[in-house]
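[1] Here is the input, now give the coordinates:
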Amino acid sequence: MLALKLGPALACGGKSPLIICEDADVDFAVYVAHEAIFHNAAQNCIAASRTFVHAKIYDEFIKKSVALAKKRIVGDPFDANTQQGPQINKDQFQKILNYVELGKQAGAKLECGGEKINDKGYFIKPTVFSSVTDDMKIAREEIFGPVMCVLKFDSYDEVIERANATNFGQVAGVITKDLTRALKFVQELQAGSVWVNTYAAMKFQAPFGGFKQSGIGRELGKYGLEPYYEITTMVLHLYIDWLSQPCRAVAILLMENNIEHQVHEISIMKGETQSTEYKQVNPAGKVPSIVDDDFHLGESHTIMRYICASRKIPDHYYPNDIKQRARVDYWLDWHHMNLRHGSVRLIRANIFAPIRKYSQQTIDELRKEGNDVLKSSLSFMEEVLSKNNYIAGGNQFSIADIALACEVVMLPISGASYESYPNIQAWLKRLSTEIKCWHQANAKLDQFIASKSK
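    The predicted structure follows:
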C-alpha cells in the first residue's frame, strides 16, 4: 500500500446508551453505570450519558445509584483517593449547571447533585436524574459533564429503537446475563463499539469510531490506518526455468498462496540466463530471480524467506517460533550443501557434459561424487522421515519441504532414483496432495522425464 493521499478520520461527540436488563445484578450494574458516566468527570466522548434501566429494577437502581453517587469523592485529581476532578473551565462548568436547570424545568427528577461543591474551582457534585424522557434536552444533547440521566423501559425492541433514536452513534453498553439477548443488542444497536457487561473496554488492536454524527472513519488497529492509504497493486516478476528445482520451489510458494506475479520463462539449456538482457535482472546469470517493484533478488532460499517476510503467508511455511524456524533454516542449508550438491553433480555429468564438452575422466568423477552424496543424503532423509511427517518436524509442511521435494522429484533426469526409499515416497505423496499447485508446477518436469524415458 502507498500513502498517496490523506482521508479524514474524525472522532466527534456522543450520547451513548447503557442498557441495563431486568436480569442484571443491580449492584454490579450501578457500579458499571457510574464508571461509564462519571469517569474523567464525564469529559469524554464515550460517556454513557443515557442509562436505560428495565422497569422491574428501575426503582432499586435509582436508590442504589443515588447512594453511590453521594459517596463519590470529588476533589484534587492529584490525590490518589479522588474519584472525580473538576470540569475543564468556567464555560463548561456553567454549561453543565445550565443543563441541570433545563432538566428540572422539563420535569426530570433531580435525585442528587446538580450543584457546585464550593467557591473554589469548577467542581460539580455527581448528579443523578430520574424520570427522564427521550424528548428532554438532557436526554438528547451532549452535556459533557457528570450528569447521569436514567430512563425507564419495558421491552427490548422498544429500548433498541429508543437508543438508536439519536444523531449520535459513538458506543453503547448492555448489562445482561442472557447471551442471546446480548447478541441481539450487539447486532441492532447503531454504535461503533458495543460492550457487554463492561464499559469502555478499549483495545489498541480493535478499531474505534462511531456512526452518524459521532465521527468519520476509525482509529486504532489496522482499520485506523486505512483512511490514510490508497491501495495500489504491485506485481512481482518471477524469472524461472520450469525444469529447475530452485525455480519450481519459488513458484510453488507464490502459486499456493495466490500471490500475484508475472512469470518470465528463461531457458538454462538455451543459454538465456547468460544474455545481456537477463543479466540486468540478475548479474550472476542464474535463476530464479524476482523483481519486486525496484528490488531485485536471486537465490531460491533467500527469495522464499523474503516472500514469507513480505507477504501474508501462513506461519507453517516459515514459522515465527525461533526454534522451529531454525529447523527450517537448517534443512534449507543442508539441502544446498548435500542433496543439491549431489544432484547438480549428476546433472552436469549426464545432461550438460555434451554441451560443455567434459572429458570422460571429469564425467566419471562427477558421477561418482554425485552418486555418493545422493546415497548419503537420501539415506539421511529416509531416517528423518521415519520419525516425522515433514522434514523439519511440525504438523505442516514448510519451505524446506518444498525445496527438498522439488529436488527429489527431478532426480530421474540425472539417472538417479528414490524408489528404494519408502518414507521419502510417502512424504512426496503427502506433499503432492496437500500442495494444490504441485502437479501444475511440476508439469513440464514430468513431461521432460517422460520424454527421456522413451
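
[2] does L151 sit in a helix, a strand or a coil?
    Secondary structure for L151, judged by DSSP: H, G, I helix; E, B strand; the rest coil, is strand.

[3] Mind pulling up the pLDDT for it?
    As predicted, L151 sits at a pLDDT of 96.

[4] burial of it, as a residue count?
    Residues near L151, counting by other Cβ atoms under 10 Å, number 23. Bear in mind the C-beta positions are built from the backbone N, C-alpha and C, glycine included.

[5] My read is that it contacts A139, right?
    Yes. Judged on Cβ atoms under 8 Å, L151 makes contact with A139 at a distance of 6.6 Å.

[6] got any residues that touch both of the two?
    R50, V132, T133 (Cβ atoms under 8 Å, 6 or more residues apart in numbering).

[7] tally of neighbours for the second one?
    Per other Cβ under 10 Å, the neighbour tally for V132 reads 22.

[8] Likewise for the first one?
    One way to gauge burial is a neighbour count; for R50, by other Cβ under 10 Å, it gives 26.

[9] repeat for the last one
    Summarising burial for T133: neighbours were counted as other Cβ under 10 Å, giving 14.

[10] ok, now which ones touch it?
    Here T133 is in contact with A106, G107, A108, A139, L151 (criterion: Cβ under 8 Å, 6+ apart).

[11] What remains of those if I keep only buried residues?
    A106, A108, A139, L151 (16 or more other Cβ atoms under 10 Å).

[12] now those residues as TSV including secondary structure?
    Below are the buried ones among the contacts of T133 laid out as TSV (three-state DSSP):
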residue	secondary structure
A106	helix
A108	coil
A139	helix
L151	strand
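
[13] could I get these as a markdown table with distance to S451?
    Below are these laid out as a markdown table (distance: Cβ to Cβ, whole Å):
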| residue | distance to S451 |
| --- | --- |
| A106 | 91 |
| A108 | 90 |
| A139 | 83 |
| L151 | 82 |
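
[14] Any idea which of those the model trusts least?
    Within those, A139 has the lowest pLDDT, namely 91.

[15] So that residue sits against M148, correct?
    No. If you go by Cβ under 8 Å, A139 and M148 don't touch, sitting 11.4 Å apart.

[16] Where do the strands of the stretch 151-300 of the chain begin and end?
    Under the criterion DSSP state E, counting those that start in this stretch, strands of the stretch 151-300 of the chain are mapped to 168-169, 171-175, 193-196, 211-212, 215-216, 236-240, 261-265, 289-292, 295-298.

[17] pLDDT of the third one, averaged?
    In other words, strand 193-196. In this model, strand 193-196 has a mean pLDDT of 86.

[18] Show me what that strand is packed against.
    Using 3 or more Cβ pairs under 8 Å, 6 or more residues apart in numbering; DSSP states H and E, the elements in contact with strand 193-196 are strand 171-175, helix 179-188.

[19] what do you get if the cut-off is 6 Å, keeping everything else the same?
    strand 171-175 (3 or more Cβ pairs under 6 Å, 6 or more residues apart in numbering; DSSP states H and E).

[20] Now do the strand it packs on against helix 179-188, angle only.
    If you take axes from the mean of the first three to the mean of the last three Cα atoms, to 10 degrees, strand 171-175 sits at 170 degrees to helix 179-188.

[21] Run me through the strand neighbours of strand 171-175, direction for each.
    Applying DSSP bridges to the sheet, strand 171-175 is found paired with strand 17-20 (parallel), strand 193-196 (parallel).

[22] Residues touching that strand, excluding its own?
    Residues from elsewhere that reach strand 171-175, judged by Cβ atoms under 6 Å, 6 or more residues apart in numbering: 16-20, 24, 29, 46, 182, 185, 189, 191, 193-197, 199.

[23] Quick check: buried residues in the biggest helix by length in the chain?
    As assigned by DSSP state H, the longest helix anywhere in the chain is helix 360-385. With burial defined by 16+ other Cβ under 10 Å, the residues of helix 360-385 counted as buried are L366, R367, G370, N371, V373, L374, S377, L378, M381, E382, V384, L385.

[24] One more: stretch 269-286?
    Neighbour-count burial for stretch 269-286 flags E272, T273, Y278, V281, N282, G285, K286 (criterion: 16+ other Cβ under 10 Å).

[25] Any chance of the contacts of T133 in TSV with distance to M410 as columns?
    TSV is the format used below for the contacts of T133 (distance: Cβ to Cβ, whole Å):
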residue	distance to M410
A106	84
G107	87
A108	83
A139	76
L151	75
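
[26] which one of the residues you listed is nearest I424?
    For those, the minimum distance to I424 (Cβ to Cβ) is 72.4 Å, reached by L151.

[27] residues contacting that closest one?
    F52, V132.

[28] pLDDT value on Q170, please?
    Reading off the model, Q170 has pLDDT 79.

[29] For the stretch 251-400 of the chain, just list every one of the helices.
    Ranges of helices in the stretch 251-400 of the chain, per DSSP state H, counting those that start in this stretch, are 276-279, 300-310, 322-337, 339-347, 353-356, 360-385, 399-408.

[30] For the ones you listed, give me a markdown table that also has distance to L253 and mean pLDDT.
    Output for these, formatted as a markdown table (distance: least, Cβ to Cβ, whole Å; pLDDT from 0 to 100):
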| stretch | distance to L253 | mean pLDDT |
| --- | --- | --- |
| helix 276-279 | 22 | 92 |
| helix 300-310 | 5 | 96 |
| helix 322-337 | 12 | 96 |
| helix 339-347 | 17 | 88 |
| helix 353-356 | 30 | 71 |
| helix 360-385 | 20 | 92 |
| helix 399-408 | 6 | 97 |
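
[31] now the ones you listed as JSON lines including distance to Y421?
    As requested, the helices of the stretch 251-400 of the chain are exported to JSON lines (distance: least, Cβ to Cβ, whole Å):
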{"stretch": "helix 276-279", "distance to Y421": "36"}
{"stretch": "helix 300-310", "distance to Y421": "23"}
{"stretch": "helix 322-337", "distance to Y421": "16"}
{"stretch": "helix 339-347", "distance to Y421": "12"}
{"stretch": "helix 353-356", "distance to Y421": "27"}
{"stretch": "helix 360-385", "distance to Y421": "5"}
{"stretch": "helix 399-408", "distance to Y421": "9"}
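
[32] For G415, find the nearest of those.
    Relative to G415, the nearest member of the helices of the stretch 251-400 of the chain by Cβ to Cβ is helix 339-347, separated by 6.3 Å.

[33] how near is the closest residue to H439 other than its chain neighbours to Q396?
    Nearest residue to H439, sequence neighbours excluded (Cβ to Cβ, 6 or more residues apart in numbering): S432, at 6.9 Å. S432 sits 15 Å away from Q396, taking Cβ to Cβ, to the nearest Å as the criterion.
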